[in-house]
Structure formats: C-alpha cells, structure tokens
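Engineer: I would like to see how this sequence folds:
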Amino acid sequence: MSYRRVLFTSRTLMRVWLLTVVFGLHACYDNVDRPVVTDVQAISEEMAAVRDYVPLYAVIAHRGSTYWAPEETESAWRWAREMGTDYLESDLQCSKDGIIIANHDDNLKRTTNIEEVFGSTIPATRLQFYESLGFSHEDAQEQYQRDETSFRPYYMQSYYYAELLMLNAGKWFDEAFAATRNGSLIDGTLHYSTGQYVSALRDQIAYANGRMLHRKDDGERILPYSIKPEYQGKTLHEIWQSIAVKGTYKDVYMDFLDYDFSDAYMVDTQDTGHRSGIYLEFKEPEVNPENMEQRVYDILDSEGWNIITQPATETAFYVNGKVNVGRTNGKVILQTFSNEALRRSHAIFQGRVPMCYLLWLNNPPLPEDFALTTPEGFAQAIKYAQDNGAHIIGPSIAGEPNNYDELNAPWQAQLTRRSGMLNHPYSFDTQVQMRKYVNTAAGSIAADGCFTNRSDLSLQYMIDKGLRGRSGIPNPFHPGSTYDNSQASCLVPDAAKTLERLGYSHKGIRGTGF
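Structural biologist: Prediction:
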C-alpha cells in the first residue's frame, strides 16, 4: 500500500475549489475551514482492478424503492429494473430455517401484517406445521418448547420461511399492494398469502434477471418445501441435535427444510431487457447465523452470480440503451456498516467482489467506531476498509428528507478520492441533494454513484448533467482517460406509468420514510 499526503487549509481548500470548477470536479457546498495535514492510504492495483468492475455514476435503487412501491418486494424491484437502474439494493437477514431474506428490518412489524397474522407469540400453526411434515405430536411439542426459549416476537430469525410467506408485505404501504388473502394452514396444508411477499435473496436475483414470481391462478406463489434428504427419517429432536453440533446457527435456527426454487419464477412478460446488478448489505453479525457470509457466497454461486467461480465474459455496462451491469463482473456489490461483518466478508470473498464500507455516526459511539468527523479518523476508516477488502466508501449525506449526519463534506470526499476508492453516498432523494453533491457535466468528486429512493429523479438528473448516456466523460481514476456510457438510455420512463404497466395501481401511493 502507498500513501498520499493531503494538506488542507482555508487557502488550499479555496485553490481546490477553483481547480475543481475549472476541471469539472466542483461539488457545490460549504468547505470546512480547518488546517489539517493527514495521510490517506491508496488502494492497491489489484483492488483498483476490482473497483473498475463498477460503472461510474451508478444509480442504486435503495430497497428497490421506498417511495413508489413497498420496499424490497417484487413490485419495488421489478419497477426499479424497468426504470433502468444499475443496481437493485437490499439488506440481508436469515429466517429460522436458514433462508437468506432480502429485507431491511429484522423486526417485521413495520413492513408486514405479522401482528395481525401471528400476534406476539409463536405462530399458533407451528405445531400443525411440524405435524404436517410427518413428525409426531410429542416430538413437535418438544420442539415447540425449544422454539419458545429463543423466540423473539416479530423477528425474522424466529420464523420459518414458509410462515413468512403467509404474511402480507404490501398492505402497510398502500391498499393498492394488499394481498387478497393472508396465508393459512388448513387440514395439514399450508397456503401462502397472495400479493407482495417477504423476499428471498433468490427472488431478488430472479427479478434482476428479468423474471417474476410464478403464481397459481389465485396469486399464491409456487414454492414447495420438504425435509432435506440428510434429515429425512429423523425426529425433530435428532435434527435439532445434528444442527446444534455444527456450531454455526446458534440455538435459534432449524435449517432442515429444502425449498424448491426450480419452478419459482417465470419470464416477466413486461421485461424490456434491462439487466441490473444487485447491491447486498450484510447486517450486524449478532442478528444472523455465524456462516451468513458463506451462505450468501453459496447462493451467488448456485445462481451463476459469483464472479469468483464464474467470471463474466461481458464488459459493457450498457448495450443499445439497456442496462447490462448484471452480465458483467460488476453484477454484485457487497456492503456493510459493521466492522465485524466486513472482516468476515473479507475472509470469504477475499476482496475479489466489489465491497462498500458504509459510514454512519453512532450516538454514543461504539468501541470500534472511527472518529469520522476528523481527518485522521476518516483516513483510518479508509485504511481499515481497504485492509478488509473494500473498494468503495459509502458515507451518509445531509439534507432533507433524511437529515443524516454529513460524512461527505469536501475534505471527506477529497480523502476518499485520493485513496482511489469509489464514493457511493446515501441517500439521494431530492434534486437539492443531487445539485449539492453532483453538479457538473464532467463528474463530481463527491459522488461516483448514488443510493436513491427516487431512481426516477436520480436517473433524470444524471442524464441532464451529462453523466449518463454520453461519451468523453473524464475518468477521475484514470487521468487522461475518458469514460463512455453513451449506450445507456437517455430517456427515463414515467414512474407511475411503469407501475401500471407492471400491473400495480399507483393511485393513492404515498412516499414513506426513508
């Protein structure tokens, strides 16, 4: 690793401001007037090569959308893909039976009707669920008691995925997305709800691939399940013992069911050819099993999205007006706020898949937190990120509607740029924010891509500022070279009409909190 010295004073900041205006790198916001001398670690050549898998000025659809559709559902991700976003973003959780879930909250009260369906106790259908799988009443009763010891009402890890599919994940957002019925378990047969579901990671990948859920005539998704072959013929007690000795699932998980995704999806009849990438967040390790990162690695592998084992052959991010990121080595970006999750991810992915280290000010600070409001602390965070396989810094930005702490001030953005890492701030939800951080036709030092809940606004802004759909854009990471995304579309579809085309009503839709 090499280091570059950065000197900041009020005079040098003014010089930087003037130079960035002249060379098209001006970000329009106030400077911090403090004399600082600090070092910043520069990314290695090997890491820079992986960084370059990611398109510049990428529009990252945060949870699909939190504004136009219920977040992290089929409707949100299909909409984001059809709008032409570069990435479908999600947060990863784990169900009781080890299914990797794409959902922001580990507590499902906000985004589902779990209180209505299950209440605050173990689902009343749990015993019948076990018995429907062929276990005896006594065996099921004993496992039910074990379940009670680790049960946390409404938390993802306390419910089997089949139970989560009984919930309605659309009604909370708007009646237009409500299911026609909730799930049920009647006479030993479990029926899922209809409408919008708590999504699996495999679902998200399918939507990025231009597919949609395969449903029965009444709207219920098709996803059969059975006991895994290695556990067939065993009692629940024996299964529990077998899983416990693995030591990777704590005492919460019962990973003994196989969900057959082979017929879970169909070609999306409304697919127009965009192939977005996916941007996956590892949450705090304490809320997930100890082998969470390995499980994600394996799913990516099985779905053909693991570039370590199956490198992409295509390199063009855009082809004939369509997003093509999902067919390149930039198809997956990993992300995390957690220092431990970053270390664990590095142990599995080894810096060979693009990774973003997200920055946030905890109040009060946690023991491992860096002093991000000081140049020294910010530089330490950059070094830590690089040393643990990250290629991207993801700082919070200030301003309405979220009013996050400012971690992308000019001096912070300068340190990120000088390190050679990409800068993906979050979240851009207004034109005011876009103008503040991305304000030139030649690119901005303050944003090399943006998380957004309003992909429609962000895409249009990037086009209007000449950062999308053109050639000859100066490449800040390869001086003297230019960046060409002229094959990207310069037309942003109407957001509401896109929802309607996909089969969702936009009447009464309201923007939600971000």
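
Engineer: What strand or helix carries Arg468?
Structural biologist: Counting by DSSP states H and E, there is no helix or strand that carries Arg468.

Engineer: How about it, nearest residue that isn't a chain neighbour?
Structural biologist: Excluding the flanking residues, the one nearest Arg468 by CB to CB, 6 or more residues apart in numbering is Met462, at 4.0 Å. Where C-beta positions appear, they are placed from N, C-alpha and C, glycine not excepted.

Engineer: which other helices and strands contact the helix or strand that contains the one you found?
Structural biologist: Using DSSP H and E, Met462 maps to helix 455-464. Helices and strands touching helix 455-464, by 3 or more CB pairs under 8 Å, 6 or more residues apart in numbering; DSSP states H and E, are strand 58-61, helix 74-83, helix 431-437.

Engineer: Ok, which of the ones you listed comes nearest Thr452?
Structural biologist: The closest of the helices and strands packed on helix 455-464 to Thr452 is strand 58-61. By CB to CB, the value is 6.3 Å.

Engineer: other SSEs contacting the helix or strand that contains Glu238?
Structural biologist: Assigned by DSSP H and E, Glu238 belongs to helix 236-244. Packing partners of helix 236-244 (3+ CB pairs under 8 Å, 6+ apart): helix 137-150.

Engineer: what does the helix it packs on rub up against?
Structural biologist: The list of residues contacting helix 137-150 from outside it, by CB atoms under 8 Å, 6 or more residues apart in numbering, reads 122, 126-127, 130-131, 135, 158, 235-237, 240, 250-252, 254.

Engineer: which element follows that helix toward the C-terminus?
Structural biologist: helix 161-164.

Engineer: Can you give the distance of that following helix from its chain's centre?
Structural biologist: In terms of CA atoms, centre = their mean, to the nearest Å, the centre of helix 161-164 is found 21 Å from the chain centre.

Engineer: got the contact list for it?
Structural biologist: Taking CB under 8 Å, 6+ apart as the rule, helix 161-164 contacts 95-97, 99, 101, 108, 118, 123, 125-126, 129, 156, 183, 190, 192, 197-198, 200, 225, 257, 259.

Engineer: quick one: which of those sit in strands?
Structural biologist: 101, 190, 225, 257, 259 (DSSP state E).

Engineer: still on that earlier bit, hmm, which two among the contacts of helix 137-150 are most spread apart?
Structural biologist: The most widely separated members of the contacts of helix 137-150 are Glu131 and Lys250, with 25.6 Å between them, by CB to CB.

Engineer: before we move on, which element is the closest residue to Gly304 other than its chain neighbours in?
Structural biologist: Ranked by CB to CB, 6+ apart and with sequence neighbours excluded, the top spatial neighbour of Gly304 is Gln310, at 5.8 Å. Taking DSSP H and E as the definition, Gln310 sits outside all helices and strands.

Engineer: The residue lying closest to His391 once chain neighbours are set aside and Ala347, how far apart?
Structural biologist: What sits nearest to His391 in space, not counting adjacent residues and going by CB to CB, 6+ apart, is Arg51, at 4.1 Å. Using CB to CB, to the nearest Å, we find Arg51 at a distance of 20 Å from Ala347.

Engineer: Neighbour count for those two, which is higher?
Structural biologist: Higher neighbour count among Arg51 and Ala347: Arg51, with 20 against 12, using other CB atoms under 10 Å.

Engineer: The more buried one is in contact with Asn423, isn't it?
Structural biologist: No: counting by CB atoms under 8 Å, Arg51 stays clear of Asn423, with 11.1 Å between them.

Engineer: Test my guess that Gly394 contacts Phe451.
Structural biologist: Yes: in this structure, Gly394 is within contact of Phe451 by CB under 8 Å, at 7.4 Å.

Engineer: any residues in contact with both of those two?
Structural biologist: 424-426.

Engineer: so how far is Glu82 from Ala169?
Structural biologist: Going from Ala169 to Glu82 by CB to CB gives 20 Å.

Engineer: Neighbour count for those two, which is higher?
Structural biologist: Ala169 (29 against 23).

Engineer: ok, that one - contacts?
Structural biologist: 70, 73, 111-112, 195-199.

Engineer: where does it land in three-state SS?
Structural biologist: Here Ala169 is recorded as coil under DSSP: H, G, I helix; E, B strand; the rest coil.

Engineer: how many other residues sit next to the closest residue to it other than its chain neighbours?
Structural biologist: In this structure, Ala169 finds its nearest non-sequential neighbour in Gln196, 4.5 Å apart by CB to CB, 6+ apart. Counted with other CB under 10 Å, the neighbours of Gln196 add up to 28.

Engineer: Kindly state the pLDDT recorded for Gln196?
Structural biologist: Looking at Gln196, its pLDDT stands at 98.

Engineer: Can you give me the separation between it and Arg78?
Structural biologist: Distance from Gln196 to Arg78, by CB to CB: 11 Å.

Engineer: What is the burial count for His137?
Structural biologist: Counted with other CB under 10 Å, His137 comes out at 11.

Engineer: next one: Met462
Structural biologist: Met462: 24 surrounding residues under other CB under 10 Å.

Engineer: what's near enough to touch Ile348?
Structural biologist: Shown in contact with Ile348 (CB under 8 Å, 6+ apart): 293-294, 297.

Engineer: So it, which state does it fall into?
Structural biologist: helix.

Engineer: Then Ala496?
Structural biologist: Per three-state DSSP, Ala496 ends up helix.

Engineer: one step back: just confirm the residue nearest to Gly304 contacts Ser302, I think it does.
Structural biologist: No: counting by CB under 8 Å, Ser302 is not a contact partner of Gln310; they are 10.4 Å apart.

Engineer: in the stretch 201-350 of the chain, which spans are helices?
Structural biologist: Along the stretch 201-350 of the chain, counting by DSSP state H, counting those that start in this stretch, helices occupy 201-208, 236-244, 292-302, 339-349.

Engineer: Using JSON lines, lay out those helices together with distance to Ser471 and mean pLDDT.
Structural biologist: Converted to JSON lines, the helices of the stretch 201-350 of the chain look like this (distance: least, CB to CB, whole Å; pLDDT from 0 to 100):
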{"stretch": "helix 201-208", "distance to Ser471": "26", "mean pLDDT": "98"}
{"stretch": "helix 236-244", "distance to Ser471": "55", "mean pLDDT": "94"}
{"stretch": "helix 292-302", "distance to Ser471": "32", "mean pLDDT": "97"}
{"stretch": "helix 339-349", "distance to Ser471": "33", "mean pLDDT": "97"}
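
Engineer: Make a markdown table out of the ones you listed and add distance to Phe151.
Structural biologist: Formatted as a markdown table, the helices of the stretch 201-350 of the chain follow (distance: least, CB to CB, whole Å):
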| stretch | distance to Phe151 |
| --- | --- |
| helix 201-208 | 24 |
| helix 236-244 | 15 |
| helix 292-302 | 20 |
| helix 339-349 | 25 |
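
Engineer: Please, which helix or strand holds the residue sitting nearest the centre point of the chain?
Structural biologist: Relative to the mean C-alpha position of the chain, the nearest C-alpha, by CA atoms, centre = their mean, is the one of Ser90, at 2.4 Å. Assigned by DSSP H and E, Ser90 falls within strand 87-94.
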